[in-house]
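In: Just to be clear, the model below is a prediction. Sequence and coordinates:
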Amino acid sequence: MELSRLPGFLLRRGIKAMIVILAIVVCNFLLIHAAPGDPASVIAGQSGAADERFLAQLREQFGLDRPLYEQLWIYLKGVLTLDLGFSHRQQQPVWTLISERLPATLILTGAAFAFAIVAGVTLGTLAARRVGSWWDSVITVIALTFYATPLFWVGLMLVLFFSVWLEWLPSFGMGTVGVEMHGIDVLLDLGKHLILPAATLGLFYLAVYARLTRATMLEVADQDFVKTARAKGVPEGQVVRRHVLRNALLPVITFAGIQAGQLVGGSILVETVFAWPGIGRLAFDALLARDYAVLMGVFFCTSVMVVGFNLLTDLLYAVVDPRVEVEG
């Protein structure tokens, strides 16, 4: 892609992204408010004063007594200024809650994504180069096993094996409680706590990328330009790296761009199993408490992340394969 086309492309995609995010915000607002129950009912029930007068006072305080279109308009005006509302459950602004939890989720999903991409592409390449061998069979069985196994079960088994039986790794949390650390010790402690949740979240996607890489490499290997390169005497390693793998990565990049945003959704289960303090756990707690503002704030942030990953995927297309022209 020519650099002169980049500003126009980013402008067009930015406008489309804002329209998509706006539509997602409206849909999330309507769907959440269509669900039975509201924050006033939950708070009144927990306080033991669930009479109609007290409920009416709470609904008036939270603005739930206003017409739905008016509530939507107030919320949209807040989103435009990054005011995502106030959590009456936790008595904090929603943006404060999300900003405190978002780094933990980004660390977890980033580590899981990198692990899945690197290990998945490596195993897929190995299986494609040794198709029909025992290597291929073992990698295929491993990939299918992790693809078919629920995330929470994998997490529990990893905790049982590495934390309970072997006592090698911590089983929950993001850091050791009650121990003061500084410098490199903090990073090492974070790394130890990150291994199990990142592996749990990444193993499913590793299986997908391994199978996809194997299939696309076998398809590309039968193309005429690959046969021509081999006929010219190009070393096999160079043929695989420059011709087969580079062209086979395009479907992998597409799938990875789509699933990068889905990692945040998958992190809800993983964060719950490992007590990881991210926005996935925040969304789960908010769902149980009918904390609408927090739920909509989390959905807004994840939608922005998904749209951003899709834009990055389009740009990576042009880097991996210069023949691809990105259009608005």
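Out: Done, it's in.
In: check contacts around Thr145.
Out: Taking Cβ atoms under 8 Å, 6 or more residues apart in numbering, we find Thr145 in contact with Ala207. Just so you know, the C-beta spots here come from the backbone N, C-alpha and C atoms, and that holds for glycine as well.
In: Check Ala231 too.
Out: Per Cβ under 8 Å, 6+ apart, neighbours of Ala231: none.
In: And for Val239?
Out: Val226, Ala229, Arg230.
In: go again using 6 Å as the cut-off
Out: By Cβ atoms under 6 Å, 6 or more residues apart in numbering, Val239 lies in contact with Ala229, Arg230.
In: From Asp285, how far off is it?
Out: From Val239 over to Asp285 the distance is 52 Å, taken as Cβ to Cβ, to the nearest Å.
In: Then Phe86?
Out: According to Cβ to Cβ, Phe86 and Asp285 sit 16 Å apart.
In: Give me the more crowded residue out of these two.
Out: Using other Cβ atoms under 10 Å, the more surrounded residue of Phe86 and Asp285 is Phe86, with 18 against 15.
In: residues in contact with the more buried one?
Out: Here Phe86 is in contact with Pro93 (Cβ under 6 Å, 6+ apart).
In: Just grab the bridge partners of it for me.
Out: Pro93 (DSSP bridges).
In: With Asp314 as the reference, measure out to the residue most central in space within the chain.
Out: When Cα atoms, centre = their mean is applied to the chain, the residue found nearest the centroid is Leu263 (2.4 Å). Separation of Leu263 from Asp314 (Cβ to Cβ): 19 Å.
In: After the lowest-mean-pLDDT helix or strand in the chain, which helix or strand is next?
Out: The weakest-scoring helix or strand in the chain, judged by mean pLDDT, DSSP states H and E, is helix 39-47 (a mean of 65). Per DSSP states H and E, the first helix or strand lying C-terminal to helix 39-47 is helix 52-62.
In: between the following helix or strand past that following helix and helix 52-62, how big is the angle?
Out: Beyond helix 52-62 on the C-terminal side, the first helix or strand identified by DSSP H and E is helix 68-80. Relative orientation of helix 68-80 versus helix 52-62 (axes from the mean of the first three to the mean of the last three Cα atoms, to 10 degrees): 40 degrees.
In: Need the contact partners of helix 68-80.
Out: Contacts of helix 68-80 (Cβ under 6 Å, 6+ apart): Val25, Phe29.
In: List the buried residues in that helix.
Out: Gln71, Leu72, Tyr75, Gly78, Val79 (16 or more other Cβ atoms under 10 Å).
In: Ser171: which of these is nearest?
Out: Ser171 lies nearest to Val79 out of those, by Cβ to Cβ, at 37.8 Å.
In: What is the host helix or strand of the residue nearest to the centre of the chain packed up against?
Out: Per DSSP H and E: Leu263 is located in helix 246-273. If you count contacts as 3 or more Cβ pairs under 6 Å, 6 or more residues apart in numbering; DSSP states H and E, helix 246-273 packs onto helix 94-129, helix 151-158, helix 184-221, helix 279-288, helix 292-320.
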